[in-house]
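Colleague: quick one: sequence plus predicted model below, questions after.
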Protein chains: 2
Amino acid sequence: MAFSIGILSRRAGVKVPTIRYYEQVGLMPSPPRSDGQQRRYGDAEVARLNFIRHARELGFEVDAIRELLAMSAQPEESCAEVDRLARRHLAEVEQRIARLVSLRTELQRMVTECGHGRVGECRVIQVLADHGECDHDHGGARPGSTGFAAA
Amino acid sequence: MAFSIGILSRRAGVKVPTIRYYEQVGLMPSPPRSDGQQRRYGDAEVARLNFIRHARELGFEVDAIRELLAMSAQPEESCAEVDRLARRHLAEVEQRIARLVSLRTELQRMVTECGHGRVGECRVIQVLADHGECDHDHGGARPGSTGFAAA
DNA sequence: CTACAAGCTCTAGCGACTAGAGGATCAAGC
DNA sequence: GCTTGATCCTCTAGTCGCTAGAGCTTGTAG
């Protein structure tokens, strides 16, 4: 019935130090201890940890999971808050996708324009160097030199 | 000709503490100092910092930027390495997009299936709770309770 | 009863910054 | 020349979600 943190780890697919970390940040309860101060868990903790793991896999932050867990303890309440949290997270994921997609576009343009010649004519380097707000030219850089290479 | 870190900050669009951090990790050179030990920069540093900022905006890691900067100092070399770095980064971005897209799908499914009733019947909570490896039932949870809610 | 695996606490590290304390310096105005 | 206030300096610590390791104790199987 009562089992160790290692067993819990295997049953829920979460590493032992991570479980202790979750306890520290208040996602998991402080469980009862054995005579020698070792943590003892039951099936409810497996379920809770699975919930946490799945929420993390979906990209929810620890703070959000704390709220989701608190809400799931109030099954008679309206789920409007749960819905709001999930929608907000969805919106964040969509923003990150949009941003990454535009990064991908620019990266693709860079690598397809690269003529595979020398660094001095490399499109990748040029794009990285040219995108700043250097609207006035800083003068005498020879072609093929970015002029800032000394660290 | 020689200007302060604050001016550099404004010209390159990078915050002052970030510039000092870049110096610490070797992306920016240790510049000459004034009599009172304040950093003095020139135009080359503006260009270098713009390069760094743009690479960061494209999601390159600091280690990769260090390599890109070193390569750009060798304009006669082949740009094969530059190309390799950019392509590897592109592949990482594509992986992240793929992962986020599948997250988005699951999140969308969750929120559209939510009936906006009580938490106990909320699809969002159910999906989070059910996805684990709890293939055998943990017994007597009343309908509407996840059975792990005590922290 | 002895190994030794697994547990414990505590501290520090990752990446890329950001924030703040507490003090020095610089440039401009009078 | 002097004062003011913005800017600069170094140093430490915090962010997030873990992960790694040291050094010690406990549990369990043979």
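Modeller: Happy to help now that I have it.
Colleague: could you use CA atoms for every contact and neighbour count after this?
Modeller: Noted.
Colleague: give me the low-pLDDT residue ranges for chain A?
Modeller: Per-residue confidence for chain A (pLDDT under 70) gives these ranges: A:131-151.
Colleague: hmm, try it at 80
Modeller: Along chain A, segments meeting pLDDT under 80 span A:1, A:130-151.
Colleague: closest to the centroid, which residue in it?
Modeller: In chain A, the C-alpha nearest the mean C-alpha coordinate belongs to A:Gly59, at 6.2 Å (Cα atoms, centre = their mean).
Colleague: contacts for stretch A:118-134, please.
Modeller: Stretch A:118-134 is touched from outside by A:110-111, A:113-116, A:143-146, B:11-12, B:47-48, B:50-52, B:54-55, B:68, B:71-72, B:74-79, B:82-83, B:86, with contacts defined as Cα atoms under 8 Å, 6 or more residues apart in numbering or on different chains.
Colleague: so what's the residue nearest to A:Arg33 when sequence neighbours are not counted up against?
Modeller: On the basis of Cα to Cα, 6 or more residues apart in numbering or on different chains, the spatially nearest residue to A:Arg33 that is not a chain neighbour turns out to be A:Arg39, at 4.6 Å. Contact partners of A:Arg39, counting by Cα under 8 Å, 6+ apart, are A:4-5, A:31-33.
Colleague: among the residues you listed, who's most crowded?
Modeller: Each of the contacts of A:Arg39 was scored by neighbour count (other Cα atoms under 10 Å in any protein chain shown); the top score is that of A:Ile5, with 19 neighbours.
Colleague: domain ranges for chain A?
Modeller: For chain A, whose domains are defined here by automatic domain parsing, the residue ranges read A:5-77, A:79-132.
Colleague: ok, which of those domains comes nearest B:Pro17?
Modeller: For the domains of chain A, proximity to B:Pro17 was assessed by Cα to Cα; domain A:79-132 is nearest, at 19.5 Å.
Colleague: and the residue of chain A found nearest DNA strand C, what element?
Modeller: For chain A, the residue positioned closest to DNA strand C under Cα to the nearest atom of the strand is A:Gly6, at a distance of 2.8 Å. For A:Gly6, the host element (DSSP states H and E) is helix A:5-12.
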